[in-house]
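J.: I'll drop the sequence and a predicted model, then ask my questions.
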Amino acid sequence: MAKATRLTSMSVDALLQLRDDIGKVLTQKADALRDQLSKMGGQVSRAMKGGRSSLAGRKAPVKYRDKSGNTWAGRGMQPIWLREQLKAGAKLKDFAVAATSKVVRKKKKARKKTKR
């Protein structure tokens with residue numbers, strides 16, 4: 001292991017060089033770990049790649065609804081109302097909303113500009 005140096009006594013240039021060296025070493029180690037994981041048959045998660053989910057930010061149709069009007073689209077964690085009902089013995093299919101066809105949205109007609 002390298003000698004411990006006091007960071008407070010180092011110059012700004014030396015600190016910047018140290019930061020760059022640490023970044024390079026961390027990048028190399030992360031790449032090596034990704035390679036090992038892929039050799040073992042695992043997949044690298046999106047979080048490691050830095051990407052977002054393709055579904056993030058999109059509205060999803062309601063898949064589950066209870067009698068009091070609470071809804072859940074089936075994404076993310078189960079809401080408390082559903083979790084409590086499931087613990088009480090209800091089944092998830094009891095709350096399933098019947099599949100409906102996609103709603104076709106009408107295109108807005110462009111208004112003609114009138115000359116004044």
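T.: Received the coordinates, thanks. All of these numbers come straight from a predicted model, not from anything done at the bench. Residues are numbered from 1 along each chain as shown.

J.: Domain ranges for this protein, per the record?
T.: 10-49, 54-101 (automatic domain parsing).

J.: for the last one, the distance to its chain's centre please.
T.: Spelled out, that is domain 54-101. Remark: domain 54-101 is offset 19 Å from the chain centroid, using Cα atoms, centre = their mean, to the nearest Å.

J.: For A60, what is the enclosing helix or strand?
T.: In this structure, A60 sits in neither a helix nor a strand according to DSSP states H and E.

J.: Okay, it and A98: tell me how far apart.
T.: 16 Å (Cβ to Cβ, to the nearest Å). (C-beta placed from N, C-alpha, C; glycine too.)

J.: Between the two, which is the more surrounded one?
T.: Using other Cβ atoms under 10 Å as the criterion, A60 and A98 rank with A60 on top: 11 against 4.

J.: pLDDT wise, what is that one at?
T.: Looking at A60, its pLDDT stands at 86.

J.: How about the contacts made by the spatially closest residue to it that is not a sequence neighbour?
T.: The shortest distance from A60 to any non-neighbouring residue, by Cβ to Cβ, 6 or more residues apart in numbering, is to A73 (3.8 Å). A73 makes contacts with 59-64, as judged by Cβ atoms under 8 Å, 6 or more residues apart in numbering.

J.: Just the buried residues out of the residues you listed, in ChimeraX syntax.
T.: A single ChimeraX command selects the buried members of these (16 or more other Cβ atoms under 10 Å):
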select :64
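
J.: ranges for the helices of the protein?
T.: Secondary structure of the chain (DSSP state H): helices at 12-39, 46-49, 80-87.

J.: Least confident of the ones you listed, on average?
T.: Across the helices of the chain, the lowest-scoring stretch is helix 46-49, with a mean of 56.

J.: how close does I80 sit to K59?
T.: Distance from I80 to K59, by Cβ to Cβ: 21 Å.

J.: Ok, R52 next?
T.: For R52, the distance to K59 - Cβ to Cβ - is 16 Å.

J.: go on, L7?
T.: 49 Å.

J.: same question, A32
T.: For A32, the distance to K59 equals 40 Å [Cβ to Cβ].

J.: Select, out of the helices of the chain, the one closest to K115.
T.: Of all the helices of the chain, helix 46-49 sits nearest to K115, with 53.8 Å by Cβ to Cβ.
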